[in-house]
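**Student:** have a look; sequence and predicted model below, questions after that.
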Amino acid sequence: MFKDFPLIRDTKKSITQFYPHIPRNYMSALRRVFSTRWVGQGPLVDKLELIFSKKFADNQPSVAVGSGTDALHLAYILADIQKGDEVICPIFTCTATNIPLLYIGAKIKFADVDPKTLNIDINSIKKLVTRKTKAIVFVNYGGLPCELDELKEIAKKNKILLIQDAAQSLGALYKKKPIARFADFTIFSFQAIKQITSGDGGMLTFKNKKILKKARRIRWFGIDRLAKQGGTWENDIKEIGYKYQMTDIGASLLLESIKEFKNIWSKRRKIFNTYNFFLKDNKKIHIVDHSKEVSHSNWLYTIILKKKDFLQKKLRNHFIESNQVHFRNDRYSIFKKFVKNKKFPNMDKVENNYLVLPIHTKMKISDAKKIAKLINFYIK
Ligand SMILES: Cc1ncc(COP(=O)(O)O)c(C=O)c1O
């Protein structure tokens with residue numbers, strides 16, 4: 001029989017770290033797709049892009065792709081990041097943020113982490129800006145928006161592009177405004193365990209409406225797909241694209257999930273608030289939470305504590321998964337050449353102390369209560 005190991009077996013007794021959210025009407029949505037000629041990229045992708053722009057992207061153009069990683073790679077190409085260009089990047093993130101830059105041959109300049117929010121450290125960015133800096137890439141860790149006004153100011157002052165990895169922050173707000181408003185490019189992920197999912201999928205949104213046609217071409221080898229559907233030779237390829245597109249199968253699931261987004265968000269928020277309520281007075285724990293300025297997307301609930309390993313083992317004994325989810329990127333061999341003789345004191349401070357607790361729509365509020373109470377029992 002299939003075993004989930006090293007993850008905990010998914011039984012009635014266990015509480016898993018993540019669980020995909022499958023929309024209620026997924027079967028009828030899929031049946032509709034399979035009764036048409038479009039199972040690859042078709043009209044549902046177009047429909048999704050329009051709805052997404054309105055609901056999540058401040059009416060910016062949206063281009064649906066096969067993953068958040070695709071969206072990042074596409075953003076870097078559209079931002080004209082070239083071999084040798086300096087790009088300031090977060091050291092603490094999913095490796096997907098930084099790996100596409102390796103394909104391009106950009107020079108990654110890692111910025112340290114803010115030890116309280118686990119977002120990119122603004123002071124560290126300021127020290128890294130040079131005349132060769134082409135872009136700043138930042139991640140809203142776990143769904144917690146960065147200091148977007150400050151980032152915007154640095155970018156404007158130095159005439160550099162801002163690329164926002166919002167893979168984890170669908171629906172988050174900064175000063176009551178959609179986060180996409182604050183960056184030149186913003187990407188989202190619909191990977192299996194994100195708030196909404198198409199199994200894998202992503203979305204790229206951007207400010208400059210003039211590059212929409214180009215973005216669509218690069219998504220499809222460099223070909224104008226609509227023109228090609230005419231069936232005659234009028235399609236020279238003048239720029240190198242790739243196959244980044246989303247399918248109508250995926251789009252159908254996302255369209256259904258977007259209808260449920262309010263409920264998904266509020267269920268996750270209730271879990272978040274339950275943890276907060278029970279853990280807020282525990283002096284041994286720092287909660288990575290939002291300020292009054294921002295609204296969190298509730299993707300990850302992260303705590304920082306000295307006895308991380310001890311707690312993780314204890315929770316596991318109760319069949320509760322917890323995880324670090326991401327690891328500092330300078331630990332990976334592929335990034336080694338960018339970190340020689342570099343110091344990241346904040347990252348050093350927190351790297352063994354952060355822990356992500358279960359949060360997903362299959363969980364009950366009583367599960368979060370149970371976990372928080374166990375934490376207070378073990379961490380005094
Ligand atoms: C911060 C961050 N960036 C990028 C990605 C990549 O997204 P995807 O898995 O959809 O390619 C992820 C996701 O998993 C992520 O968490």
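**Tutor:** It's in. Just so it is clear, the model here is predicted, and its values are computed rather than measured.
**Student:** and what about Ile196, helix, strand or coil?
**Tutor:** For Ile196, the secondary structure call by DSSP: H, G, I helix; E, B strand; the rest coil comes out as coil.
**Student:** enumerate every residue touching it.
**Tutor:** Listed by Cβ atoms under 8 Å, 6 or more residues apart in numbering, the contact set of Ile196 reads 21, 170, 190, 254, 257-258, 261, 264. Where you see a C-beta, it was placed from the backbone N, CA and C, and this is true even at glycine.
**Student:** what is the helix or strand containing Lys55 packed up against?
**Tutor:** Using DSSP states H and E, the element containing Lys55 is helix 43-56. In terms of contact count using 3 or more Cβ pairs under 8 Å, 6 or more residues apart in numbering; DSSP states H and E, helix 43-56 is assigned the packing partners strand 62-65, strand 202-206, helix 248-259.
**Student:** ok, the residue of the stretch 251-380 of the chain at minimum distance from the ligand to Leu173 distance?
**Tutor:** In the stretch 251-380 of the chain, no residue comes nearer to the ligand than His326, which is 7.2 Å away by Cβ to the nearest ligand atom. As for His326, its distance to Leu173 is 23 Å (criterion: Cβ to Cβ, to the nearest Å).
**Student:** what does Phe110 give?
**Tutor:** Distance, Phe110 to Leu173, by Cβ to Cβ: 28 Å.
**Student:** those two: which has the busier surroundings?
**Tutor:** A side-by-side neighbour count of Phe110 and Leu173, using other Cβ atoms under 10 Å, places Phe110 first with 25 against 17.
**Student:** doesn't that one lie inside a helix?
**Tutor:** No. Under three-state DSSP, Phe110 sits outside any helix and is assigned strand.
**Student:** so who does it touch?
**Tutor:** Contact analysis of Phe110 by Cβ under 8 Å, 6+ apart lists 89-91, 329-330, 335, 338-339, 342, 344.
**Student:** could you do Leu305 as well?
**Tutor:** Going by Cβ under 8 Å, 6+ apart, Leu305 touches 284-286, 311, 353, 355, 379.
**Student:** separation between it and Ala368?
**Tutor:** Taken as Cβ to Cβ, the span from Leu305 to Ala368 is 17 Å.
**Student:** circling back: which residues touch the residue lying closest to the residue of the stretch 251-380 of the chain closest to the ligand once chain neighbours are set aside?
**Tutor:** Spatial nearest neighbour of His326, chain neighbours left out: Cys94 (5.5 Å); criterion: Cβ to Cβ, 6 or more residues apart in numbering. Applying Cβ under 8 Å, 6+ apart to Cys94 gives the contacts 139, 167, 326.
**Student:** in JSON lines: these, plus secondary structure and pLDDT.
**Tutor:** Below are the contacts of Cys94 laid out as JSON lines (DSSP: H, G, I helix; E, B strand; the rest coil; pLDDT from 0 to 100):
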{"residue": "Val139", "secondary structure": "strand", "pLDDT": "98"}
{"residue": "Ala167", "secondary structure": "coil", "pLDDT": "98"}
{"residue": "His326", "secondary structure": "coil", "pLDDT": "96"}
